[in-house]
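Asks: Attaching a predicted model along with its sequence, questions to come.
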Amino acid sequence: MTRSAVRAETGAMIKPGPMVTAVPERTVDDDQLAVFAAGSGFNGSFLADQLSGWMTHDLMGVCLFSMLSRRTPNPILAGLYDRLRASATEQMKTWEELIGDLGGNPKYVSPTARMTGGMDGKIISSFLLSGSGDELTFETAGLNAAFATLSLDVLNAQSLTNCAEKADDGQAKQVLQAAAMRLTSTAEKGLSEVEKALSASMLLQLNSGSAQKVMHGVDKAASEVKNILRS
C-alpha cells in the first residue's frame, strides 16, 4: 500500500545520521543494505538510499498537488493538479514495487530521503505566505512549483534509466528497466501539461492591463488554460 506518512508507527525504517538516532528495531545499516539489488553489480547501499530519496520526492509531490488543487479558484487548474496528484500516487506505487522486487523495504527512509523531504517541504510551506502577492501571483507560483517538481521527476526517471542500462544482465536489470519506462512516461506527460499551462498563464498576464481585476483574471485564465490544454 502506498504510504502517506513516514513515521515509526507506520513501519518506517531509517539509517541513523550524525544527529539522528533510532531504536534498534527501526534501524538499518549499510551491511544490511549491501545485498540490495543483488546481481546488478551496483553498490546496494547507495542504490537503496537513492531509490528511497526518489520515492520521497513523489510522496512530497502528492502533498504539493493536493495542496495546490485545494487552494486554486481556477477549476481548470484544479483538474490539472488532481491529475498530477493521481499520477504521483501511481509513481509512488511503482517505486515501492521496484524496491520490493530488488529485495528492499519500501518503508526504508534513507538520509537522502530525509533531505529530499525537507527541501520539498519548504516549497509546500512557502504557500503559507498568502500576504506576499495577489491571486494571479499565487497561481503562477503554483505552476512554477509543479514545473520544478515534475522536472526533477523526469531527471530521477532518467537517472533510473541510466542505472538500468549499466546494470549487469539479470532479474535486477529487467525490473529496473520496466520501472524506468513507466516512470519516464508518466513524468514527461505531467511536465508537458504543466509547461503548457504555465506558458498560457504567462502570456495571459503579459497581454492583460495593469488594472485588471484579480478574479476576472482568474476566470479568463481558466478559459485560456483550458484552450491550451486541449490543443
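Replies: Sure, I can see it.

Asks: need the contact list for the residue nearest to Glu195 when sequence neighbours are not counted.
Replies: If the residues on either side of it in the chain are set aside, Glu195 comes closest to Phe147, at 6.7 Å by Cβ to Cβ, 6 or more residues apart in numbering. Every residue, glycine included, has its C-beta placed from N, CA and C. Neighbour list for Phe147: 191, 194-195, 198 [criterion: Cβ atoms under 8 Å, 6 or more residues apart in numbering].

Asks: Check which helix or strand Phe147 maps to.
Replies: helix 135-166 (DSSP states H and E).

Asks: After that helix, which helix or strand is next?
Replies: Where DSSP H and E defines the elements, the next helix or strand beyond helix 135-166 is helix 171-206.

Asks: now that next one against helix 135-166, angle please.
Replies: 160 degrees (axes from the mean of the first three to the mean of the last three Cα atoms, to 10 degrees).

Asks: Show me what helix 171-206 is packed up against.
Replies: Judged by 3 or more Cβ pairs under 8 Å, 6 or more residues apart in numbering; DSSP states H and E, helix 171-206 is in contact with helix 75-101, helix 135-166, helix 214-230.

Asks: re the thing from before, quick check, pLDDT for the residue nearest to Glu195.
Replies: Phe147 carries a pLDDT value of 97.

Asks: And it, how far from Glu193?
Replies: 10 Å (Cβ to Cβ, to the nearest Å).

Asks: which one of the contacts of Phe147 sits closest to Lys107?
Replies: Distance to Lys107 across the contacts of Phe147 (Cβ to Cβ) is lowest for Leu191, with 28.0 Å.

Asks: Show the pLDDT at the spatially closest residue to the closest one that is not a sequence neighbour.
Replies: With sequence-adjacent residues excluded and distances taken as Cβ to Cβ, 6+ apart, Leu191 is closest to Leu150, at 4.1 Å. Turning to Leu150, the model gives it a pLDDT of 98.

Asks: Leu150 touches Val194, doesn't it?
Replies: Yes. With contact defined as Cβ atoms under 8 Å, Leu150 and Val194 form a contacting pair (5.8 Å).

Asks: list the buried ones in the helix or strand where Met55 lies?
Replies: Met55 belongs to helix 44-71 when elements are defined using DSSP H and E. If you call a residue buried by 16 or more other Cβ atoms under 10 Å, then helix 44-71 has these buried ones: 44-45, 47-69, 71.

Asks: Fine by me, we can end here.
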